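Visitor: sequence first, then the predicted structure:
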Amino acid sequence: MKKEPMPFISVNHLKVGQRGVVTDLEGDDHIVQRLLEMGVTPGCPVQVVRFAPMGDPIDIKIRGYHLSIRKREAAAIQIRLDS
Amino acid sequence: MSFQHTNLLEQEERFMTVALVGNPNSGKSTVFNALTRLRQKVGNYPGVTVEKKLGRAILPDGKAVNILDLPGTYSLAVRSPDEQVVRDVLLGTMNDTSRPDVVVCIVDASNIERNLYLVSQIQDLGVPLVIALNMMDEVGKQGRKIDPEKMQEALGIPVVPMVASKERGIDALKRVLAGGVHFAPERTWRMPDIMEEEVAVLVKWLVHTQGMDKSVAFSEAVIYLTNPHIDQGDLKSLKDDWLNLVSAARERIARKGVRWRSAAIEARYDWIHRSLLEVIEEFPAPKMRKSDRFDAVLTHKVWGWVVFVSVMVLMFYTIFTIASYPMEWISQGFDWLSGGLKSVLPAGDFRDLLTDGIIAGVGGIVVFLPQILTLFFFISLMQDTGYMARAAFIMDRLMSQVGLHGKSFIPLLCSFACAIPGIMASRSIENPKDRLVTILVSPLMVCSARLPVFTLMIAVLIPNTSPLQKAGIMLLLYFMGIMGAILMAWVLKKTIIKGPTPPFIMELPPYRYPSFKATMLHMWERSRLFLKKAGTVILVFSVVLWALMTYPKMPGASADEALRHSFAGRAGILLEPVIEPLGYDWRIGIGLIGSIAAREIFVSTMSIVFNINESEDGASLQKAFTGARWADGRVLFTPLTCMSLLVFYVFAMQCFSTLVVTRRETNSWRWPIFQCAYMTFIAYVVALAVYQGGRLMGFQ
């Protein structure tokens, strides 16, 4: 992987429309397991589609479908931003 | 084919059983309805509040098969009662349900990768397996093309393409079932070597010490190894040995630098990805889906609220206007029936039991049916179109403040009309604790059965109330109910139903057209369930309550004297010392006892207490209230007493039907008893605070 060394960023810090590739999941076991099973696995592209009207939760697109997660859960998803 | 609807569950054993499994929103129920054509029966699995839907389909060769519609699930790792049922049934460890002969996994073709994850888990179990590839018509809109034949080849599992909503592919599925289904082939995916080795050790242990089937042992081993906090139930008894083995295996895997949490899941998704490479054809640059454009408006910062509030207003408008006509008819119908019986039957206890006990009691519940049906209509519509998930998406921020889930919002909102559909709608909340809290606080929302009491008491409180004053007081009462529910939810989450805030990981399914037939079916099922469950209990309690208010008899006495003489009347008098601090005398006590079954009965009971002819209008009761005095000549219905009564009815349980539904949805009498106790307690304390506090401040 020859990329600019870029700090890992978690999905909760993304802006609407930004996309990246999942590198790792870290955090509460329940959350990580559920996210993995829903298809949020390392190597998978992910995009932030929108925020709920009150700012939380987030609507992300993964494997062609929309998944709604709170920022707390989004913090568990580490990604590498698409350049 | 002669078909006996009633003994469907009894005949279950004689036919082959086909289980339908699939992700939520994969159209599983549509497939079920298309296969069984309303030859279905809804019940409950023993010991849990998970719905058991069983139907019958006739195959092309004339043979009948049982179709079992299992709850929708994303995974076989058990996290909720629903998932436990799916797993237990598939393993054949469910008490009243034999292991299915064939499993049909419904796969949403427009969300194929994630849907196939469950398929891969079911494949582990070594059961005969068919894939029903549903919603094929949506694939093209995504700019994709799926070749079912290539998919069948790649997976080694029969694939039946279908559009269940248009009944396309249903016959093909029946033909496949009639032709006999082979056992699913062994998995072709592989985890990292160290994982494979460790899983093999665990499988060997399970097979040797537990006598477990090899494929089931594999499924169990993988799920346990990868889920740190799992409780699969079937392995509970051997906790220590097994858990030690598993954690030792995890350590060895971690030492090799392999992530034991995700390795198996990644391997499955990798297999899915590879298998689909040749199957899916992508067209360049698919344009934005219609569903996404809907979402841009429906979850928009401004428009999202506009639509959301409009939908809610429309729902309540329908309930309070359109539904009020059939309610009026039903109530007139019961009056007519009771009047008819009164003129036909000779006067006596039997006639009174029929008219005042049974007809009045049951009629008091049935009259709410139009409202309940309307609510179920909207709930079903919101669920089928996908709007329900958006409502949860919009409201989650607010609900999470008190530790609840966005999905708790709609059930609570429905409870403004009637807590019964609200409590029944709480089934969509997966987390059992969130669901329980939602059920317990739902009846605090001000329902429409409280309105007659409120109207009466406001009229007594402020004679000649202007509509604006009335609306203001009503609003205040609604607000108190909402605050009560919010505070109570918060308290419950902090105390007896403690638990970590569960993750909010919810699919936002694409918007879909609702099916009229499915909506009607849903309304019918729910209402029938309610009438059946509540009806019998209401009947019994109505009779008991009638007897309490009738016996012992006092020959020749007027109605109010007879009531005073009855058990209920005596209880009201006995109750006086307890309720006097709230500003109530024994007559109000009788009203409280009379309305234990349903709040609105307060009005009719008070009419009897004050000896007012039923045919007279509400104004005469209001006049009687205004003239009522304590024994020492003080005015009974002072402003403080009226307010105390108003807040009492905001918080008090006073509804048998709700308790029965809570009993059904929580599967024990413990929670409805708790619900009734805490609500009555709050009602008492708040009414006491209002009355005594008001007096301390110098009010009357």
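Guide: On my side now, so go ahead.

Visitor: next, name the residue at the spatial heart of chain A.
Guide: The centre of chain A sits closest to A:Val11, judged by Cα atoms, centre = their mean, with a distance of 4.0 Å.

Visitor: pLDDT score for that residue?
Guide: As summarised for this prediction, A:Val11 has a pLDDT of 92.

Visitor: what about residue 33, neighbour count?
Guide: If you meant another chain, say so; for now it's chain A. Counted with other Cβ atoms under 10 Å in any protein chain shown, residues neighbouring A:Gln33 total 23. For every residue, glycine as well, the C-beta is placed using N, CA and C.

Visitor: try again with chain B
Guide: Summarising burial for B:Asn33: neighbours were counted as other Cβ under 10 Å, giving 24.

Visitor: that one - that's part of a strand, no?
Guide: No: counting by DSSP: H, G, I helix; E, B strand; the rest coil, B:Asn33 is not found in a strand; it is helix.

Visitor: got the contact list for it?
Guide: Listed by Cβ atoms under 8 Å, 6 or more residues apart in numbering or on different chains, the contact set of B:Asn33 reads B:40, B:517-518, B:521.

Visitor: can you flag the buried ones in those?
Guide: If you count burial by 16 or more other Cβ atoms under 10 Å in any protein chain shown, the buried members of the contacts of B:Asn33 come out as B:40, B:518, B:521.

Visitor: ok, the first one - contacts?
Guide: Spelled out, it's B:Gln40. Applying Cβ under 8 Å, 6+ apart, the residues near B:Gln40 are B:8, B:32-33, B:53-56, B:67, B:69.

Visitor: report pLDDT for residue 83.
Guide: In the absence of a named chain, chain A is used. Among the per-residue scores, A:Ser83 shows a pLDDT of 60.

Visitor: chain B, not that one
Guide: You'll see B:Glu83 listed with a pLDDT of 87.

Visitor: how many residues are close by it?
Guide: B:Glu83 has 21 nearby residues by other Cβ under 10 Å.

Visitor: assumed it was part of a helix.
Guide: Yes: the assignment for B:Glu83 (three-state DSSP) places it in a helix.

Visitor: give me the neighbour count for the residue nearest to it when sequence neighbours are not counted.
Guide: Closest residue to B:Glu83 in three dimensions, ignoring its sequence neighbours and counting by Cβ to Cβ, 6 or more residues apart in numbering or on different chains: B:Thr73, at 5.0 Å. Number of residues near B:Thr73 (other Cβ under 10 Å) recorded here: 24.

Visitor: for B:Thr73, give its distance to chain A.
Guide: Note on B:Thr73: its distance to chain A, by Cβ to the nearest Cβ, to the nearest Å, is 10 Å.

Visitor: B:Leu20 in helix, strand or coil?
Guide: Classification of B:Leu20 into helix, strand or coil gives strand, according to three-state DSSP.

Visitor: so it sits against B:Ile106, correct?
Guide: Yes: B:Leu20 lies in contact with B:Ile106 (Cβ atoms under 8 Å); the separation is 6.2 Å.

Visitor: tell me, what's touching the two both at once?
Guide: Between them, B:Leu20 and B:Ile106 share the contacting residues B:28, B:31, judged by Cβ under 8 Å, 6+ apart.

Visitor: so the two - more neighbours on which side?
Guide: Neighbour tally, B:Leu20 and B:Ile106, criterion other Cβ under 10 Å: the higher count belongs to B:Ile106, 29 against 23.
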